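Student: got a predicted structure here, sequence first:
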Amino acid sequence: MEFIKNPGLKLPKIDLNNIEWPKFRIPKIGWSKMPKLRIGNAVARLPIVQGGMGIGISLSGLASAVANEGGIGIIAANSIGMLDPDYYAKNRDANTVALRREIRKTREKTSGIIGVNIMVAVSDFQPLLRVAIEEKVDLVFLGAGLPIKGIPVEDLRSAGVKVVPIVSSARAASLIFRSWAKRYADIPDAVVVEGPKAGGHLGFKEDQIDDADFALENILPEVVSEIKRFEDEWRRTIPVIAAGGIYTGSDIFNVFKLGARGVQLGTRFVATHECDADIRFKEAYVACRKDDIEIIKSPVGMPGRAIKNTFLKDVASGKKQSRKCAWQCLKSCDIKTAPYCLTLALDNARKGILDKGFVFSGSNAYRVDKIISVRELLKELTEQYLCTREKSVCRLRGEYETALERLVAFKEEYLIGLKEGLNAFRDEYERGMEKGDMFREELLMTKDEYRNALEKANRLKQELMEFFQRYSLQNRLESESA
Ligand SMILES: Cc1cc2nc3c(=O)[nH]c(=O)nc-3n(C[C@H](O)[C@H](O)[C@H](O)COP(=O)(O)O)c2cc1C
């Protein structure tokens, strides 16, 4: 009998130690708070911005109440001079005077974080921005147009005023940030991305409003990833603030999961005692039903969302409305062809004269069933947010614990497979080698079995690795609890 020392078969080796078993850790979660919102050096205890609402809907009353509760309170600057009975005599000067007065009034009522919302589309954008700088507000929110040209960035910086553009797409965000970088060697401090469910003027074409591609859930992650590039390049944190249709604390949690670090709310703040509009304006929210909310064409040249009423019906049927015009306050408005004066209509609505104006609202206004205080609203939103987060983290925790059990089972199976299975095959193989050629067939079979066992072990290893990736819940848990 020929003794074969080496039948040319080599058994692959497996190093039992070459798998790193991950160490899982369940992170501690601060259950009692919402995350803060940091914009430059301004840190709001609550990540909630009260959206600027013109004309005269968000003034010192609402802005200071929100700031006092830890959110960010915003005064709407456009046509704020309408508060002055002599507006028609003073026109554009009335706006700067009223804005300055309103900022000072707000400051008297709060030491919290306040800002001013200025529409880029208004003709006195520059003078209003100048007042905000002179009064050293914490932030300016610039919407209804792209704040690119003629922004006095140095003055804003030296007055400590942070700049937050409002956009409706990643493209617009990118354009603003790139232009700023080129023109001013600087970038804005945060960005609001407002989806098509918002109230007031919308940065979308009419056919985009109900198109899922333009929904907040879709445009928000696009803006977040666009802004991430600027964050990396400039080594700055630039929070993305989501707006439009955010109604509950659960909605806040959901947009945070998509990368937002703050939210801007309009509709919810209208239905508060502190909102500066007349009670009849607020009651229009309480009274309206879902199908009362419609998209209108505004003289600004953008679509807007408002609550149906006789004024809007008359406008739609071509009935002439007052076009008393103090001056061309909107760059794009031609009062000769406009069906009505937007400023006058909105100011009438603010005063509760709803037959001579109309009420802007978000798509969720029909869900408002009562008027509450800012404090109650923010408490409700915080509780809902924390509850949703707790549910989500509990679900993840359950998933995580099941995963851990499976991991232990895997580990045992794997080690048994290797230690017992492979070693047994190895012994058999070596014994076979000693017996020589006549056992060659058997030997080869043993080798095949060994290979199969090895493949199984490797499959198991692969599965384990995928399992680790899938269940690396650490990050998910941490981000949910952030
Ligand atoms: C009555 C009303 C007036 C508004 N006016 C302005 C405005 O003057 N400037 C602006 O940038 N956004 C304006 N908005 C938009 C809000 O600031 C906010 O971004 C938006 O309403 C968020 O959507 P939500 O109402 O679904 O919460 C207005 C919204 C409402 C409801």
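Tutor: Perfect, I can see it now.

Student: so where do the strands sit in this protein?
Tutor: Counting by DSSP state E, the chain has strands at residues 37-39, 42-44, 48-50, 72-76, 113-119, 139-143, 162-167, 191-194, 200-201, 240-243, 262-265, 293-297, 303-307, 359-360.

Student: need those in TSV (columns: mean pLDDT, mean neighbour count and distance to the ligand).
Tutor: From N, CA and C alone the C-beta is placed, and that goes for glycine too. TSV is the format used below for the strands of the chain (pLDDT from 0 to 100; neighbours: other Cβ atoms under 10 Å; distance: least, Cβ to the nearest ligand atom, whole Å):
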stretch	mean pLDDT	mean neighbour count	distance to the ligand
strand 37-39	97	22	15
strand 42-44	97	17	16
strand 48-50	98	30	8
strand 72-76	98	30	4
strand 113-119	97	27	5
strand 139-143	97	26	3
strand 162-167	98	25	5
strand 191-194	98	28	5
strand 200-201	93	24	3
strand 240-243	98	27	4
strand 262-265	98	27	4
strand 293-297	94	16	11
strand 303-307	96	23	8
strand 359-360	97	27	4
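
Student: looking at this structure, which helix is longest?
Tutor: In the chain, with assignment by DSSP state H, the single longest helix is helix 374-416.

Student: list the helices and strands that one packs on?
Tutor: Contacts defined by 3 or more Cβ pairs under 8 Å, 6 or more residues apart in numbering; DSSP states H and E place helix 374-416 against helix 60-68, helix 249-257, helix 267-270, helix 440-470, helix 473-481.

Student: the second one: how far from the chain's middle?
Tutor: A distance of 8 Å separates the C-alpha centroid of helix 249-257 from that of its chain, computed with Cα atoms, centre = their mean, to the nearest Å.

Student: ok and it relative to helix 374-416, angle-wise?
Tutor: 50 degrees (axes from the mean of the first three to the mean of the last three Cα atoms, to 10 degrees).

Student: got the contact list for helix 249-257?
Tutor: With contacts defined as Cβ atoms under 8 Å, 6 or more residues apart in numbering, helix 249-257 is touched by 34-35, 47-48, 216-217, 220, 242, 245-246, 263, 380-389, 392, 479-480, 482.

Student: buried subset of those residues as a ChimeraX selection?
Tutor: A single ChimeraX command suffices to select whichever of the contacts of helix 249-257 are buried according to 16 or more other Cβ atoms under 10 Å:
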select :34,47,48,216,220,242,245,246,263,381,382,384,385,386,388,389,392,480
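
Student: so how far is Gly352 from the closest residue to the ligand within the stretch 301-450 of the chain?
Tutor: Proximity of the stretch 301-450 of the chain to the ligand (Cβ to the nearest ligand atom) peaks at Gly362, 2.7 Å away. Look at Gly362 and Gly352: by Cβ to Cβ, to the nearest Å, they are 20 Å apart.

Student: looking at these two, which is more packed in?
Tutor: Gly362 (26 against 16; other Cβ atoms under 10 Å).
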